[in-house]
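Student: using only what follows, build the 3D model:
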Amino acid sequence: MTAEILKKNFSLLKTHHPKTYEVLTGAKQSQHYVVPISQSGHPTLAHIDAKGRKKFLLSKYDPLKEAEKLIKLLRVEDHTNFIILGMGLGYQIFELLKLVPESSKLIVIENDIELCKLAFETIDFREILLHSDVNFIFPNTTSDIQTHLDDEKFNLCINGYCLIQQNALSQVNREKSNRLLSELKNFLQESSLNLKTQKAKSKIFCSNISNNFHNIITSIGINSLKASFTNIPSIICSAGPSLDKNIQLLKAKRNNFILISVATALKTLKANKITPDFVIAIDPEEITLKFFDFQNKSPGPWLVYDPVVPSPIPDFFIKKRLVYDSSNKLAQWLQKYIGENGTLGKIFSVAHAAFQFSDFIGCSPKILIGQDFAFDRNRLHSKDSYYHQSLEDKICQYQPLKLLNEKNFHKYSNNIIDRQSIYSETLFTTISLDTYANVFTDTMQANLNTYNATEGGIGIKKVANISLREAINNFCGTNISQKFNFTLNSLAPKQYDLKETAVSAQNQKNLLNSILGTLNNLEENIITVSTITEDIKKDFIQKMDEVIKNLLNDKETTLLLQNYNFSGFSIWNQRTNQILKKRNAMDSKMLMDEEFKRDYDFLKVLKDSVRFNIVAFELFSKETNTV
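Tutor: Reported below is the predicted structural model:
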């Protein structure tokens, strides 16, 4: 019977879940689990430890009723996404399917493939395997969670999820289960931050990229410097308040290390007559322009930039700029034709980008300063930085700097948490900064030769704290200026044949014009009638469904449109999920009204995105003829 059940399950896996099938076909027979029969007559699960002792992981009386009770307690009807940590024999998944819509997404994470194979030998999983949207994940390491869930991160953050975990299953390997859960939560927290950024800034991202088209194709790619400074020390300067303590030490042995500054620290360095070798810019807002001194005729350092920055910044660094590949879909469209400039991986902050760039060019050791991730006397930034200067400019008789700092601190009151400083004192930080500190911790695991010379703040887990004086004395003993200058002076931009880019840009523009025509016709059918009847609504919903299906068949165009108005697409996605959850509770008229409102609002979102992209690709077409 076991062999027959496994054969049926594997046949379905091979057809519907081929990757899972490949993983499980290589799994060995489990030596640590047994499947006794419970008092109710259903198979249950027990674990055998190294001493031969048996411990039941599912009820020895009735594992089905146990699963039913678990699912009822979770109020699964309020969710459409489910993450199941630990599959067991799948009883909780069967119970879940009884209560949720067919459209629900199920993500099953199991770190023991032998146990999973045993489940497929024991229980007929046909109902689960034929569900419209179920995925199985078998992470070899906890970091694999990010890889497997990357495509689902925005859906999970936008629409939420219900976590289902049976405590007894997680206790078998408690340490691994805890790491897995921690990795999952960190990944989704980082994804949530990224989502908020996308929703708030997607339009300015795209606008800046279209304005930077000429800069991108005339800049030098960071690939030109890959591993060029192997085993040369770098100091990565951020603008945290502790920078005031040790910034003067950067003048010592200045020719013996590469100094990489984030844009916010540039004015602080200049005020102390220190010029970095590289300055990193990644932020799209106009305020980023305030971090630079455009009055100075010489730009000083080399610029390393993301194409989403305001165009006056790379304009200013015209002969000293290095560009890296953006994750923005409009930039990726261009990269497809001009080739890759080099990537810094997933970037969560400008300091993270500076660290990644230092690693990319081969620097070792990497020494961090000004990386507080916390407030110091209600300050987040060093003296002479733009943010500090902007407060100083407001000083008057009734508002001393101390009071201004307190007012600024209270702006973050809803986002404040406390953490322990490197000196074991209590410091305040924000949820975002704490998340960024965790990102650094994850990054540092693969970069052991890294030191934190910040001399303040909450520190970075797994990174040794050291004074800047000690770091410079220990690691910066050799003059590297000759090698540095020779390498940078040898760089030159690539030359491109943009004929194919011009043709593709025009084709994309033509396609977008066609989509806009369809959307205009749909809108006209609505706004030109005095009364919107049920038939008109039904016809509109049907035609919008056709538009969306056609778009989904053209993934690149869909991503370009979503890329510009990410918030609008997110709202449509949320409303669709809400309708799916309420579908059974609504009559046909109410359902039609909800769908009509959703689709009519989304029509405006689509038109907005299409219009922007038409202008952008028109600009691309013109620029290719001038380069």
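Student: between the two ends of stretch 330-349, how far is it?
Tutor: End-to-end distance of stretch 330-349 (Cα to Cα, to the nearest Å): 21 Å.
Student: buried residues of that stretch, list them for me.
Tutor: For stretch 330-349, the neighbour count (16 or more other Cβ atoms under 10 Å) marks 330-335, 337-338, 341-344, 347-349 as buried. (Glycine included, C-beta is placed from N, CA and C.)
Student: low-confidence ranges in the protein?
Tutor: 1, 140-144, 299, 442, 444-447, 625-627 (pLDDT under 70).
Student: secondary structure class for residue 248?
Tutor: At residue 248 the chain is in helix, as set by DSSP: H, G, I helix; E, B strand; the rest coil.
Student: that one and residue 269 touch, don't they?
Tutor: No - using Cβ atoms under 8 Å, residue 248 is not in contact with residue 269, being 11.1 Å away.
Student: between the two, point out the one with more neighbours.
Tutor: Using other Cβ atoms under 10 Å, the more surrounded residue of residue 248 and residue 269 is residue 269, with 25 against 12.
Student: so who does that one touch?
Tutor: Residue 269 sits next to 237, 247, 250, 261, 275-276 when contact means Cβ atoms under 8 Å, 6 or more residues apart in numbering.
Student: max pairwise distance over those residues: which two?
Tutor: Across these, no pair lies farther apart than 247 and 275, at 12.9 Å, counting by Cβ to Cβ.
Student: between these two, who's got more neighbours?
Tutor: Set side by side, residue 247 and residue 275 show more neighbours around residue 247, with 22 against 14, by other Cβ under 10 Å.
Student: grab the nearest non-local neighbour of that one.
Tutor: Spatial nearest neighbour of residue 247, chain neighbours left out: residue 272 (5.3 Å); criterion: Cβ to Cβ, 6 or more residues apart in numbering.
Student: can you check residue 161 too?
Tutor: The nearest residue in space to residue 161 (Cβ to Cβ, 6+ apart) is residue 81, at 4.0 Å.
Student: quick one: that neighbour and residue 103 touch, right?
Tutor: No - judged on Cβ under 8 Å, residue 81 makes no contact with residue 103 at a distance of 10.4 Å.
Student: compare those two and say which is more crowded by neighbours.
Tutor: Ranked by neighbour count (other Cβ under 10 Å), residue 81 and residue 103 place residue 81 first, with 21 against 14.
Student: who's the more buried one bridged to?
Tutor: Taking DSSP bridges as the rule, residue 81 bridges to residue 105.
Student: and it, what does it touch?
Tutor: By Cβ under 8 Å, 6+ apart, the contact set of residue 81 is 104-105, 107, 152, 155-156, 159-162.
Student: so how far is residue 522 from residue 533?
Tutor: Taking Cβ to Cβ, to the nearest Å as the measure, residue 533 and residue 522 are separated by 16 Å.
Student: more neighbours: the two, which one.
Tutor: For residue 533 versus residue 522, neighbours defined as other Cβ under 10 Å are more numerous around residue 522 (20 against 9).
Student: the helix or strand hosting residue 164 pairs with which strands, parallel or anti?
Tutor: Using DSSP states H and E, residue 164 sits in strand 162-165. Note on strand 162-165: by DSSP bridges, its sheet partners are strand 81-85 (parallel).
Student: which secondary structure state is assigned to residue 207?
Tutor: Strictly by three-state DSSP, residue 207 counts as helix.
Student: tell me who's in contact with the residue nearest to residue 163 when sequence neighbours are not counted.
Tutor: The shortest distance from residue 163 to any non-neighbouring residue, by Cβ to Cβ, 6+ apart, is to residue 83 (5.3 Å). Going by Cβ under 8 Å, 6+ apart, residue 83 touches 107, 109, 156, 161-164, 184.
Student: export these to JSON lines and tack on distance to residue 548?
Tutor: Converted to JSON lines, the contacts of residue 83 look like this (distance: Cβ to Cβ, whole Å):
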{"residue": "107", "distance to residue 548": "24"}
{"residue": "109", "distance to residue 548": "30"}
{"residue": "156", "distance to residue 548": "21"}
{"residue": "161", "distance to residue 548": "24"}
{"residue": "162", "distance to residue 548": "27"}
{"residue": "163", "distance to residue 548": "30"}
{"residue": "164", "distance to residue 548": "31"}
{"residue": "184", "distance to residue 548": "31"}
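Student: just the buried ones out of those, please.
Tutor: Among the contacts of residue 83, the ones that count as buried by 16+ other Cβ under 10 Å are 107, 109, 156, 161-162, 164, 184.
Student: which SSE is residue 598 in?
Tutor: helix 588-624.
Student: buried ones in that helix?
Tutor: 591-592, 594-596, 598-600, 602-603, 605-607, 609-610, 612-614, 616-621, 623-624.
Student: that helix - contacts with which helices or strands?
Tutor: In terms of contacts (3 or more Cβ pairs under 8 Å, 6 or more residues apart in numbering; DSSP states H and E), helix 588-624 is packed against helix 174-211, helix 213-218, helix 329-338, helix 499-527, helix 534-553, helix 555-564, helix 566-582.
Student: gap between the first one and the chain center?
Tutor: Counting by Cα atoms, centre = their mean, to the nearest Å, helix 174-211 is centred 3 Å from the centre of its parent chain.
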